[in-house]
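Undergrad: take this sequence and fold it.
(4 chains)
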Number of protein chains: 2
Amino acid sequence: MTEKYLSRPEEILLLAVWKLRENAYGLAIRNFIQEMTGKYWSVGAVYVPLERLENRGFLKSHTSDPKPERGGRRKRLFQLTRAGLRELDELNRINAVLWQDYRRLRPEENT
Amino acid sequence: MTEKYLSRPEEILLLAVWKLRENAYGLAIRNFIQEMTGKYWSVGAVYVPLERLENRGFLKSHTSDPKPERGGRRKRLFQLTRAGLRELDELNRINAVLWQDYRRLRPEENT
DNA sequence: AGTATGTTCTATGGCATAGAACAAATAGGG
DNA sequence: CCCTATTTGTTCTATGCCATAGAACATACT
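TA: Predicted coordinates:
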């Protein structure tokens, strides 16, 4: 394979990190994604690939200080690396190409 | 999981079948996809998931008559089922939601 | 203690991917 | 006219990695 692209879960996770900005930690990402997609995501389905994305260099993380709230534990905050951003741009480009005709020729209806 | 969505290769394959219409058979799909994505796809990376998509009810196929051309063998022509189309619509919808902010807030540049 | 928020750990099955093997049609030189 | 080479196409199957689930663990407040 020339160079593999991101899987769908990985794409969604990176986008979530991008959107949540300084508040991108595991559970927040999970909630966010569940709302966006309308589907259930197990805890593992979030944390495991996040780890992998960090190892591959698309994300970096650091641990926050605990907050004085009920259950306010330290959080592991994620951030896109330059490579991660580049990857999103690339995906965005490919997506646009892939879907352009479909969007144009197949409006709302669903039959 | 509420109901799993298509993987990226599956998404790309369905879109290719949709675009190629009455000419959607294995090798044509492969060529098409390689051009669209600019990446190498092995034969297996095309046929194996096509099979799976048919088993799951997103595609149906029939065998064409052989053509009187060099190597003009029977082809296995694929077609989207109603469920397959529905799935593409659904993906299209989710994609739009996922990417809308990114597209708006992050134009061409890549830094 | 009890409850809420958060992360780590680890097992399992399924999918992605590669590429050899197989099949069948025509071309074309002897 | 064969018979072999070439072209186009599909099937088969092995391997590793990823997706996903959920229990276990950690820690802060009440």
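
Undergrad: which SS state does residue A:4 fall under?
TA: Under DSSP: H, G, I helix; E, B strand; the rest coil, residue A:4 falls in the coil class.

Undergrad: show me where chain A has helices.
TA: A:8-20, A:26-37, A:43-55, A:82-105 (DSSP state H).

Undergrad: near DNA strand D, which residues of chain A are found?
TA: Residues of chain A lying close to DNA strand D (C-beta under 7 Å from any atom of the strand) are A:7-10, A:40-45, A:47-49, A:52, A:66, A:68-74. From N, CA and C alone the C-beta is placed, and that goes for glycine too.

Undergrad: mind running it again at 6 Å?
TA: For chain A, the contact set with DNA strand D under C-beta under 6 Å from any atom of the strand comprises A:7, A:9-10, A:40-45, A:48-49, A:52, A:66, A:68-74.

Undergrad: only the buried subset of those residues, as a ChimeraX command please.
TA: Selection of buried members from those for ChimeraX, criterion 16 or more other C-beta atoms under 10 Å in any protein chain shown:
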select /A:9,10,41,45,49
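
Undergrad: if I look at residue A:41, how far off is residue A:96?
TA: 26 Å (C-beta to C-beta, to the nearest Å).

Undergrad: so where's chain A uncertain?
TA: A:1-2, A:107-111 (pLDDT under 70).

Undergrad: what sits against the residue nearest the centre of chain A?
TA: For chain A, the residue nearest the mean C-alpha position is residue A:13 (1.5 Å; C-alpha atoms, centre = their mean). Residue A:13 makes contact with A:29, A:33, A:46, A:49-50, A:53, according to C-beta atoms under 8 Å, 6 or more residues apart in numbering or on different chains.

Undergrad: near DNA strand C, which of the residues of chain A next to DNA strand D show up?
TA: Okay, of the residues of chain A next to DNA strand D touching DNA strand C (C-beta under 6 Å from any atom of the strand), that's A:43-44, A:48, A:70-71, A:73.

Undergrad: looking at the residues you listed, which two lie furthest apart in space?
TA: For those, the maximum inter-member distance is 26.9 Å, found between A:48 and A:70 (C-beta to C-beta).

Undergrad: am I right that residue A:49 is in contact with residue A:9?
TA: Yes - if you go by C-beta atoms under 8 Å, residue A:49 and residue A:9 touch, sitting 5.5 Å apart.

Undergrad: list the buried residues of stretch A:75-86.
TA: In stretch A:75-86, counting by 16+ other C-beta under 10 Å, buried: A:75-78, A:80, A:84-85.
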